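Undergrad: sequence unavailable; structure follows:
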DNA sequence: TCCTTTGGTGTACAAGGTACGCCTACGCCA
DNA sequence: TGGCGTAGGCGTACCTTGTACACCAAAGGA
């Protein structure tokens, strides 16, 4: 047993998140993370195979912070609660959204989330390809929301630009964009998810 | 009026798409596109401000290839048709999915798509923030689907891995992943969208 | 005490985006 | 028809980033 490791995965993740939260995703470089840890750049490669593996650690960590304990409520309410927790967990580090979208499938921590979702859906009576579609649609909805929120928030500059388009060219869009500016993200998520859940309930 | 331009935007886009379709998104570099056009690398910068602007041209082109003519059918059917056309347009160049997700808001060609969606929703009786939410949910669903399809296709390796997990650890997931492998993308999209549309109809 | 096994570091290289400055071709106007 | 001004086109060079490689260092067991 020679020289023990001096860094833990948690330290790697903490350093990466510190960089990302402070300076944005573009600043997430091997050099920056190494500097954050007070280590030489190449030292990181004793802990991760490459940059992609580091990103995966970060995403996995975000998933693992999600509490899976759910009350004995309806399956819809449990889905609501669980997805909202995921949304909040990601929102704590807004800049990692692209990483979550890229690596979610490879992150082991996502498995327990999916299993828990499937438990709720199974209680709701879903089986076979219906359960597949239900789960996929819910995850897709979450990913789409994160995507929307990150690259095109309702309260962001894109909405403002659209609301200022000529009503002659885009009458509905200009009007709707103006309406959109007052919808906060959590309301958008809640009401959007309700739409999907209504669709799932009304089989 | 001095020396005219020798390249059109369409040529730029065609070259970029040729590179991406042939060698994948990672191969989309300024050097590669320039080579494809038989031009020096820096020559591209007379036509686009930077790489991001080139990507935007590509995304915009994909959006503009979507036919907006819709039959006089129900608003749900028109939404179905339009979103499916977008899905197909993107699927013609699978590797551009990440670009579409990144640039959709900045691409002018997306405006006409949104306006057309809003026409259908307005015919369906949606107004105010309900219309905002409906449009947002539909777009989010499309984006989530593209995301799912690109990074975690039901027929892809990730599903196989999940289907081979120990049923002791992930009983529902292992089973559901096995069920999932037989669902083709177009069926997934159609049935997923039907869920959302049912949710929208049942206000 | 020394040896083996890893951990840690510095150097170096390849790829890619792009700033800069020069040359060149075109089309207008005299 | 010839010269000129405005952009187009190009080559070079630099910076950033990921990472291969080879060497040094430390720590624990024999």
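TA: Nice, thanks for sending it over. Just so it is clear, the model here is predicted, and its values are computed rather than measured.
Undergrad: and residue A:115, backbone torsions?
TA: When read as degrees, to the nearest 10, the backbone of residue A:115 gives phi -60, psi -40.
Undergrad: now residue A:68
TA: According to degrees, to the nearest 10, residue A:68 has phi -100, psi -10.
Undergrad: so what's it up against?
TA: For residue A:68, the contacting residues are A:82, A:112, A:113, A:116, by C-beta atoms under 8 Å, 6 or more residues apart in numbering or on different chains. For the C-beta atoms, the positions are set from N, CA and C on the backbone; glycine is no exception.
Undergrad: can you check the pLDDT for it?
TA: Looking at residue A:68, its pLDDT reads 98.
Undergrad: quick one: stretch A:142-159 near chain B?
TA: Yes - with C-beta under 8 Å from any C-beta of the partner chain as the criterion, chain B is reached by stretch A:142-159 at A:142, A:143, A:144, A:145, A:147, A:148, A:151, A:152, A:154, A:158.
Undergrad: packing partners for the helix or strand hosting the third one?
TA: So that's residue A:144. Take DSSP states H and E as the rule and residue A:144 turns out to sit in helix A:128-152. With contacts taken as 3 or more C-beta pairs under 8 Å, 6 or more residues apart in numbering or on different chains; DSSP states H and E, helix A:128-152 sits against helix A:75-91, helix A:97-103, helix A:109-123, helix A:185-201, helix B:97-103, helix B:128-151, helix B:171-180, helix B:185-201.
Undergrad: now mean neighbour count too, for these, in TSV please.
TA: Formatted as TSV, the helices and strands packed on helix A:128-152 follow (neighbours: other C-beta atoms under 10 Å in any protein chain shown):
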stretch	mean neighbour count
helix A:75-91	18
helix A:97-103	21
helix A:109-123	20
helix A:185-201	20
helix B:97-103	21
helix B:128-151	23
helix B:171-180	20
helix B:185-201	20
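Undergrad: between these, which one is closest to DNA strand C.
TA: Nearest to DNA strand C, of all these, is helix B:97-103, at 12.2 Å by C-beta to the nearest atom of the strand.
Undergrad: the closest one near chain A anywhere?
TA: Yes - interface with chain A: helix B:97-103 contributes B:101, B:102 (C-beta under 8 Å from any C-beta).
Undergrad: can you spell out which helices and strands pack onto that helix?
TA: Here helix B:97-103 touches helix A:128-152, helix B:51-64, helix B:128-151, going by 3+ C-beta pairs under 8 Å, 6+ apart.
Undergrad: and DNA strand D, which of these is closest to it?
TA: Across these, closest to DNA strand D is helix B:51-64 (C-beta to the nearest atom of the strand), at 13.3 Å.
Undergrad: touching DNA strand C at all, the closest one?
TA: Yes - using C-beta under 7 Å from any atom of the strand, helix B:51-64 reaches DNA strand C at B:51, B:52.
Undergrad: what angle do that helix and helix B:109-123 make?
TA: Helix B:51-64 runs at 40 degrees relative to helix B:109-123, counting by axes from the mean of the first three to the mean of the last three C-alpha atoms, to 10 degrees.
Undergrad: for helix B:51-64, name the packing helices and strands.
TA: Applying 3+ C-beta pairs under 8 Å, 6+ apart, we find helix B:51-64 packed against helix B:9-23, helix B:30-37, helix B:75-91, helix B:97-103, helix B:109-123.
Undergrad: report the buried residues of that helix.
TA: Along helix B:51-64, these residues count as buried under the neighbour rule (16 or more other C-beta atoms under 10 Å in any protein chain shown): B:54, B:55, B:56, B:57, B:58, B:59, B:60, B:61, B:62, B:63, B:64.
Undergrad: okay if I get those as JSON lines plus pLDDT?
TA: Formatted as JSON lines, the buried residues of helix B:51-64 follow (pLDDT from 0 to 100):
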{"residue": "B:54", "pLDDT": "98"}
{"residue": "B:55", "pLDDT": "98"}
{"residue": "B:56", "pLDDT": "98"}
{"residue": "B:57", "pLDDT": "98"}
{"residue": "B:58", "pLDDT": "98"}
{"residue": "B:59", "pLDDT": "98"}
{"residue": "B:60", "pLDDT": "98"}
{"residue": "B:61", "pLDDT": "98"}
{"residue": "B:62", "pLDDT": "98"}
{"residue": "B:63", "pLDDT": "98"}
{"residue": "B:64", "pLDDT": "98"}
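Undergrad: any weak-confidence spans in chain A?
TA: Applying pLDDT under 70 to chain A flags no residue at all.
Undergrad: show me which residues of it sit near DNA strand D.
TA: So far as C-beta under 7 Å from any atom of the strand goes, chain A lies against DNA strand D at A:1-4, A:26-31, A:41-42, A:45, A:50-52.
Undergrad: in chain A, what residue is nearest DNA strand C?
TA: Relative to DNA strand C, the nearest point of chain A is residue A:2 (2.5 Å; C-beta to the nearest atom of the strand).
Undergrad: circling back to that earlier point, could the helices and strands packed on helix B:97-103 go into TSV alongside distance to residue B:35?
TA: Shown next, in TSV, are these (distance: least, C-beta to C-beta, whole Å):
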stretch	distance to residue B:35
helix A:128-152	30
helix B:51-64	14
helix B:128-151	26
